[in-house]
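K.L.:
quick one, fold the following:
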Amino acid sequence: MAKDPLNEMLEFLQPNSRLDLKHVSLDYLLGLSGKDDGLNTLLENEQIVQCIIELIADKIDDISKIALSLLVNITAQPKGALELLKYKANDYKNIVELLIGYVRNPDKRYADIACMILTNITRSEEGLEICLDTFIPHLNDLLNVFVNLDYNKKKSNLHYLSPMFSNLSQSIRIRKWLLEENPHVPLIKLLPFCNFEHSNIRRGGAIGTVRNLSFDTENHDYLLSSELDLLTYLLHPLMGDEDYEDEEMDKLPIALQYLPKEKKRDPDVDVRKMILETLVKFCTKRKGREVLRENGVYYILREYHKWERDAHALLACENVVDILIQKEDEVGAEDLSTVDVPDDMKEQFDKMDQEYLNTVK
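P.N.:
Alright, predicted model coming up:
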């Protein structure tokens, strides 16, 4: 059997190895991990991967940074993310617990990179299922870290905790926590970040979390309740500086009436599409459709449609509008999720959507 050349590096990747040798070795591995073949080679050597994990805690910040960056590259691929979940680290039961502890330490200079790794390993349903039990005891602490913008003393912004929460909300257990945790409902803390101007990563993660919550129709009554005021947060990014007729303005949520002339729509098309997808979900039941009509969602989307140029966003917008402009006897069902659409009709609808996308430039 051929000797693995990476084994020669093992002695240079120990905590007490010479700094220059550690640095050169990690730099080489970082370059290796940036290519598919190199990443596969790296994953085949468990001792090397274990050394990289241990060096996250190195007393030299730059060494810790390179080790973390290596793990970002490894977990960027689904295979690497799942492989990494097999490892333990120091006194921690697994790599996830190590990374959570790293993020919770306000003195860690490269906590942002640790957040990226947590986002990567929670992206797939399989990976999420493996590490969910590790996350659950720490959820409230991680949320408190996230909402405290000055938490990290080394200027890590921790924005990537937002897509991590969005990934976690793929799980019904996390969705239950987001809506039912006592004494404070976690979702209420997350909602303001749907309008966080300084980071599309935070905005996108917060809105992605809301979108995932909207998949459960039994949550719609609470999500659309005046107590939560969710529509204000969801609709704000879709609005510009347009004027509305007085009777239309009166229907809008109070916080969305008479916005300043400098108001701009969200520049991130992915954020806009997630909002529209959420609104489509809220149209599933009659009560949800009525709430959207009562809050002037049609008027907002009418103006938004004039502005939007992305074909997929336009199609999503029209899907919502097509439902809202109908009277309930025209919609024909209390709950659209119970309507059985024949396969041939689904194919026809998909074809129509594709034809529409092809015509929009």
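K.L.:
list the contacts of residue 108.
P.N.:
Counting by C-beta atoms under 8 Å, 6 or more residues apart in numbering, residue 108 touches 102, 114, 152, 154, 156. Just so you know, the C-beta spots here come from the backbone N, C-alpha and C atoms, and that holds for glycine as well.
K.L.:
now rank the residues you listed by neighbours and give me the top one.
P.N.:
When neighbours are taken as other C-beta atoms under 10 Å, the top entry among these is residue 114 (27 neighbours).
K.L.:
pretty sure that one contacts residue 104?
P.N.:
No. If you go by C-beta atoms under 8 Å, residue 114 and residue 104 don't touch, sitting 9.8 Å apart.
K.L.:
let's have the contacts of residue 108 in CSV, adding distance to residue 206 and secondary structure.
P.N.:
Output for those, formatted as CSV (distance: C-beta to C-beta, whole Å; DSSP: H, G, I helix; E, B strand; the rest coil):
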residue, distance to residue 206, secondary structure
102, 23, helix
114, 20, helix
152, 19, coil
154, 24, coil
156, 19, coil
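K.L.:
pull the number of nearby residues for residue 90.
P.N.:
11.
K.L.:
do you know how far it is from residue 25?
P.N.:
Per C-beta to C-beta, to the nearest Å, residue 90 is found 20 Å from residue 25.
K.L.:
so who does residue 324 touch?
P.N.:
Applying C-beta under 8 Å, 6+ apart, the residues near residue 324 are 283, 289, 292, 293, 297, 298, 301.
K.L.:
is it possible to export the residues you listed to CSV including secondary structure and distance to residue 123?
P.N.:
CSV is the format used below for the contacts of residue 324 (DSSP: H, G, I helix; E, B strand; the rest coil; distance: C-beta to C-beta, whole Å):
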residue, secondary structure, distance to residue 123
283, coil, 28
289, helix, 32
292, helix, 30
293, helix, 36
297, helix, 31
298, helix, 35
301, helix, 30
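K.L.:
which of the residues you listed sit farthest apart?
P.N.:
The largest separation in the contacts of residue 324, counting by C-beta to C-beta, is between 289 and 301 at 13.2 Å.
K.L.:
CA atoms only for stretch 170-181 - export them in PDB, please.
P.N.:
C-alpha atoms of stretch 170-181 as PDB (Å, rounded to 0.1, in the frame of the first residue of the first chain):
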ATOM      1  CA  GLN A 170     -35.800  23.000   8.500                       C
ATOM      2  CA  SER A 171     -36.500  20.800  11.600                       C
ATOM      3  CA  ILE A 172     -39.900  20.700  13.100                       C
ATOM      4  CA  ARG A 173     -38.300  20.600  16.500                       C
ATOM      5  CA  ILE A 174     -36.600  23.900  15.900                       C
ATOM      6  CA  ARG A 175     -39.800  25.400  14.400                       C
ATOM      7  CA  LYS A 176     -41.600  24.400  17.600                       C
ATOM      8  CA  TRP A 177     -38.900  26.100  19.700                       C
ATOM      9  CA  LEU A 178     -39.100  29.300  17.600                       C
ATOM     10  CA  LEU A 179     -42.800  29.600  18.200                       C
ATOM     11  CA  GLU A 180     -43.400  28.100  21.600                       C
ATOM     12  CA  GLU A 181     -40.300  28.600  23.800                       C
END
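K.L.:
how about that stretch: buried residues?
P.N.:
In terms of neighbour count (16 or more other C-beta atoms under 10 Å), stretch 170-181 has its buried residues at 170, 171, 174, 175, 177, 178, 179.
K.L.:
the fifth one reaches residue 185, doesn't it?
P.N.:
No. Between residue 177 and residue 185 there is no contact, the gap being 9.5 Å when judged by C-beta under 8 Å.
K.L.:
so what's residue 97 closest to, chain neighbours aside?
P.N.:
Leaving aside its sequence neighbours, residue 97 sits nearest to residue 134 (C-beta to C-beta, 6 or more residues apart in numbering; 5.4 Å).
K.L.:
which residues sit in contact with that neighbour?
P.N.:
Counted by C-beta under 8 Å, 6+ apart, residue 134 has contacts 93, 94, 96, 97, 100.
K.L.:
out of those residues, who's nearest residue 123?
P.N.:
residue 96 (13.3 Å).
K.L.:
and the closest one, that's in a helix?
P.N.:
Yes. Counting by DSSP: H, G, I helix; E, B strand; the rest coil, residue 96 is found in a helix.
K.L.:
quick check: it vs residue 111, distance?
P.N.:
For residue 96, the distance to residue 111 - C-beta to C-beta - is 15 Å.
K.L.:
swap in residue 274?
P.N.:
Relative to residue 111, residue 274 is positioned 26 Å away (C-beta to C-beta).
K.L.:
again, but for residue 232
P.N.:
Residue 232 is 31 Å from residue 111, by C-beta to C-beta.
K.L.:
tell me the confidence at residue 308?
P.N.:
pLDDT, residue 308: 97.
K.L.:
now it, nearest residue through space, not along the chain?
P.N.:
Spatially, and ignoring its direct neighbours in sequence, residue 308 is nearest to residue 314 (5.3 Å; C-beta to C-beta, 6+ apart).
K.L.:
any idea of the mean pLDDT in the strand or helix carrying the one you found?
P.N.:
Using DSSP states H and E, residue 314 maps to helix 311-324. When pLDDT is averaged along helix 311-324, the result is 95.
K.L.:
what's the answer for stretch 216-226, then?
P.N.:
96.
K.L.:
how many other residues sit next to the residue lying closest to residue 46 once chain neighbours are set aside?
P.N.:
Among residues not flanking residue 46 along the chain, residue 87 sits closest, at 7.9 Å (C-beta to C-beta, 6+ apart). By other C-beta under 10 Å, the residues close to residue 87 number 18.
K.L.:
residue 87 contacts residue 48, doesn't it?
P.N.:
No. The pair residue 87 / residue 48 is not scored as a contact, 11.4 Å apart, by C-beta under 8 Å.
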